[in-house]
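Student: structure for the following, please:
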Amino acid sequence: MFKNLKSKLEDEAKKIQASVQQYSEQIQQQVGQMRSNTSDAGGSESGSNVTRRFLNTVTGSPSASKGSGQKASDNDSLNYSVGNALMEEVSEGDLLGLDLPPRERRLSGGSTHSNESSLSALFSYIPGTAGSVFDPSESDLDSTFDEVNSGVVKSANSEQVSTALFKLQNRASNYKDKYRDMVRRYNEVVTENNKCRTVLAQTQDKALKRIEKLREEKKTLSEKLAKAQSGAVDSETEAKIADYKEKLDKCVAEIKKNRTKIKELTDENEHIKQTAQGENAEQGLISLETDRVAAEWKERIDKVEEEWTARINKLETDHAIQLATTKAEMHAALENKDREAVQDESEKRREALEKEWQEKMEAMKEEHERAIQEKTEEFGKLQSSFDTASQNVSKLEEKLKSSQEKIELLQKEANEKAKEAEQIKVSLVQEQHSQAAHI
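Tutor: Predicted coordinates:
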């Protein structure tokens, strides 16, 4: 793509150079004819001087600057300076977007400018040369050429030449912007192309490395396939098979051992469960018997308390009645008998009765306390037996729990051993199948 672009640019540059050369030759011929046909020394002479100086500036002829400055008038020199300033305002480096040093034009006899540099200067000032390289506008060039021919050749007026120069300058600036944009786009395309080339090179390197790795893997696999086809068994594979067989035998023996142990523990667990059930039944009976005895003793104690309370109340009532009766009798006796003798006798009798009733009350209290103490001792014995039975039951429950945990651990170990044995068996079968497939 870039080769075609470069060739296209070169072709367009050659075409523009050819058109510029042809245009310069036509201008020179027309100027020669105009010189021969000139009769007016006024405005026409000044116009011819301006035209000649314009052509000398464009073509770089060294003979144009010697006599023209001496023979021309002040107006001609002013027009020449204006036109020269307009032409020198846009340099070739600005049109092409290059940072070139300013070029000094020497208008002496020892000028080093060649026809090629003069054509390049003309090429830089003519509209259409620094514009779109891809599609130069020939109609624009033709119209520009026509305007320059009509302005310079026919009228040869300084104002028209200045106007043409302004137009050329404006169009040159437009084409300069277009050319800069084209150069920027071209640089972007070149940068993108370089990036694509870099990515392509990296991808190619990765692909080559991957191909080399696959070749090595293919070589290794082909060697293994050749060994398998020849019937040679790798010693490492044999060692693995022997190791797997040994592990499988160990796993089978361990599984049998664990099954026997699990069976023993299961029997022991059943025995412990039966014992625990019997203990629970005995404990239930003991608790029921204890509750029954406690309820009976409680009823008895309540009854005894009620009886003794009733007796005490009755004794107190009888004692009070008896005291009242005794007092009444004593009062009656005292009334009938001598006051002092009856009083002494009644006092003695009253004291004797009070002492007797006090002894009876103390005896009844001691008997009641003795009965309560006996019942309390019996209840404590029953409570201690109940505590002992509950402790035995808790011990049996702990034994049962520990035996269940042991059984669960053994079952887990047996399951893990069985899984390992199955995995080893599957791996052995797969290796045997793979070896059979290779063979």
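
Student: low-confidence regions, the stretch 151-300 of the chain specifically.
Tutor: Across the stretch 151-300 of the chain, the ranges flagged by pLDDT under 70 are 151-156, 229-237, 279-287.

Student: ranges for the helices of it?
Tutor: Assigned by DSSP state H, counting those that start in this stretch, the helices in the stretch 151-300 of the chain fall at 158-230, 235-336.

Student: for the first one, name the packing helices and strands.
Tutor: Helices and strands touching helix 158-230, as assessed by 3 or more CB pairs under 8 Å, 6 or more residues apart in numbering; DSSP states H and E, comprise helix 2-36, helix 43-59, helix 74-88, helix 92-96, helix 115-125, helix 138-148, helix 339-438. All C-beta spots, glycine's among them, are computed from the backbone N, C-alpha and C.

Student: so what pLDDT did residue 103 get?
Tutor: pLDDT, residue 103: 44.

Student: quickly note the distance from residue 382 to residue 373.
Tutor: Distance of residue 382 to residue 373, given as CB to CB, to the nearest Å: 15 Å.

Student: let me fix that, I meant to ask about residue 172.
Tutor: Using CB to CB, we find residue 172 at a distance of 139 Å from residue 373.

Student: with neighbour numbers in mind, choose between the two.
Tutor: Between residue 172 and residue 373, counting by other CB atoms under 10 Å, residue 172 is the more crowded of the two (22 against 10).

Student: CA atoms of stretch 168-175 as CSV?
Tutor: This file holds the C-alpha atoms of stretch 168-175, laid out as CSV (Å, rounded to 0.1, in the frame of the first residue of the first chain):
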residue,chain,number,x,y,z
LEU,A,168,-1.4,32.1,-5.4
GLN,A,169,-0.3,32.7,-1.8
ASN,A,170,-3.8,31.9,-0.4
ARG,A,171,-4.1,28.8,-2.4
ALA,A,172,-0.6,27.8,-1.5
SER,A,173,-1.4,28.1,2.2
ASN,A,174,-4.6,26.0,1.7
TYR,A,175,-2.6,23.3,-0.1
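
Student: in it, what's buried?
Tutor: 168, 169, 171, 172, 173, 175 (16 or more other CB atoms under 10 Å).

Student: make CSV from these and add distance to residue 159 to it.
Tutor: Shown next, in CSV, are the buried residues of stretch 168-175 (distance: CB to CB, whole Å):
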residue, distance to residue 159
168, 15
169, 15
171, 19
172, 20
173, 21
175, 24
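
Student: of the residues you listed, closest to residue 358?
Tutor: residue 173 (150.0 Å; CB to CB).

Student: who touches stretch 405-413?
Tutor: For stretch 405-413, the external contacting residues (CB atoms under 8 Å, 6 or more residues apart in numbering) are 258, 261, 262, 265, 266, 269.

Student: ok, now which ones touch the fourth one?
Tutor: By CB under 8 Å, 6+ apart, the contact set of residue 265 is 403, 406, 407, 410.

Student: and for the third one, the neighbour number?
Tutor: The criterion is other CB under 10 Å. On that basis, residue 407 has 16 neighbouring residues.

Student: same deal with the last one?
Tutor: By the criterion of other CB under 10 Å, residue 410 has 17 neighbours.

Student: how about low-confidence regions in the stretch 301-439 of the chain?
Tutor: Using pLDDT under 70, the stretch 301-439 of the chain drops low at 319, 330-331, 333-334, 337-343, 346, 435-436, 438-439.

Student: related to what we said a few turns ago, redo the contacts of stretch 405-413 as TSV? Include distance to residue 212.
Tutor: What follows is the contacts of stretch 405-413, written out as TSV (distance: CB to CB, whole Å):
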residue	distance to residue 212
258	53
261	58
262	58
265	62
266	64
269	66
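
Student: just the buried ones from those residues?
Tutor: Among the contacts of stretch 405-413, those classed as buried by 16+ other CB under 10 Å are 258, 262, 265, 269.

Student: in JSON lines, list the residues you listed along with distance to residue 225.
Tutor: Formatted as JSON lines, the buried ones among the contacts of stretch 405-413 follow (distance: CB to CB, whole Å):
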{"residue": "258", "distance to residue 225": "43"}
{"residue": "262", "distance to residue 225": "48"}
{"residue": "265", "distance to residue 225": "53"}
{"residue": "269", "distance to residue 225": "57"}
